[in-house]
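J.: dropping a prediction and its sequence here:
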Amino acid sequence: MIDEGYIKFDSHWRKTGPLDNAEIELLNRWRRPLYDAGLIGQYEEHGIGFGNLSVRAAAQRQFIISGSQTGQLSDLGAEHYALVEDYDIDRNRVYSIGAREASSESMTHAAIYELDPEIGAVVHVHSEAMWAGLKGSAATTDAEVAFGTPEMAREFRRLFKETDFPKTGIAVMAGHDSGLVSTGSNLQEAAERILAIDAKFKR
Ligand SMILES: [Zn+2]
């Protein structure tokens, strides 16, 4: 099932001009190899983009994330990013600003940043091969839990406590077809982790 792109939380987005954050260059730098590897892209038949990435902003509860429906674009500009200024997981709310609305998967990114102040970046990719190959052996969320919901936030808390997710930084989302998450203390670490596994699967 393709549930990509539907915003399942209460999105409070204030449209502004393009963001002016230093992190955008870094986001674009690491998005490129992910896009080239096909981990961020578009399902041609549905015309739906997939994959997104974020980096923690200077304020602890804020992060900059690629905007909704940007997966199909090979290169992003500042106008394609949003700053999540705040969120409320229990009330299922995300507050963002930017020229583009925050990704439909912002709630999951928020939930992951909540787990550990050391997590500095989150990458969400799609890969059928990695998803099928790692499901059940890597840290895996419950198949009944949909992406981008408060239940998924709770599910990540469980993974953080009960599995090797804090150490590996890799999780498979059983209830989100082809979806995986990679975290790191910074964007380079988060991106390289998933790119290294992807390279193994493509060998
Ligand atoms: Zn996804």
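T.: Sure thing, it's come through.

J.: quick one: strands adjacent to the longest strand that the chain contains?
T.: Scanning the chain for the strand with the most residues, using DSSP state E, yields strand 81-88. The sheet places strand 81-88 alongside strand 63-66 (antiparallel), strand 93-98 (antiparallel), with pairing taken from DSSP bridges.

J.: what's the closest of those to Asp10?
T.: strand 93-98 (4.6 Å; CB to CB). All C-beta spots, glycine's among them, are computed from the backbone N, C-alpha and C.

J.: okay, the closest one in CSV with CA atoms only?
T.: Taking C-alpha atoms only, strand 93-98 is exported to CSV below (Å, rounded to 0.1, in the frame of the first residue of the first chain):
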residue,chain,number,x,y,z
ARG,A,93,0.3,18.3,15.7
VAL,A,94,3.3,19.8,13.8
TYR,A,95,4.0,23.5,13.5
SER,A,96,6.2,24.5,10.5
ILE,A,97,7.3,27.5,8.5
GLY,A,98,8.9,27.7,5.1
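
J.: next structured bit after that strand?
T.: Beyond strand 93-98 in the direction of the C-terminus, DSSP states H and E gives the next helix or strand as helix 106-115.

J.: look up how far Glu151 lies from Glu192.
T.: When distances are taken as CB to CB, to the nearest Å, Glu192 and Glu151 turn out to be 30 Å apart.

J.: circling back: could you give the angle of the longest strand of the chain to helix 106-115?
T.: Orientation note: strand 81-88 sits at an angle of 70 degrees relative to helix 106-115 (axes from the mean of the first three to the mean of the last three CA atoms, to 10 degrees).

J.: pLDDT of strand 81-88, averaged?
T.: When pLDDT is averaged along strand 81-88, the result is 95.

J.: list the contacts for the closest residue to Ala37 other than its chain neighbours?
T.: In space, and not counting its chain neighbours, Ala37 is closest to Asp198: 5.5 Å by CB to CB, 6 or more residues apart in numbering. With contacts defined as CB atoms under 8 Å, 6 or more residues apart in numbering, Asp198 is in contact with Ala37, Leu39, Val125, Ser127, Met130.

J.: ok, 10 Å please
T.: With CB atoms under 10 Å, 6 or more residues apart in numbering as the criterion, the residues that contact Asp198 are Pro33, Leu34, Ala37, Gly38, Leu39, Val125, Ser127, Ala129, Met130, Leu180, Ser182.

J.: can you check Gln60 too?
T.: Applying CB under 10 Å, 6+ apart, one finds that Gln60 lies in contact with Tyr113, Glu114, Pro117.

J.: let me know which of the strands paired with strand 81-88 is tucked in deepest.
T.: Most buried of these, by mean neighbour count (mean count of other CB atoms under 10 Å): strand 63-66, with a mean of 27.
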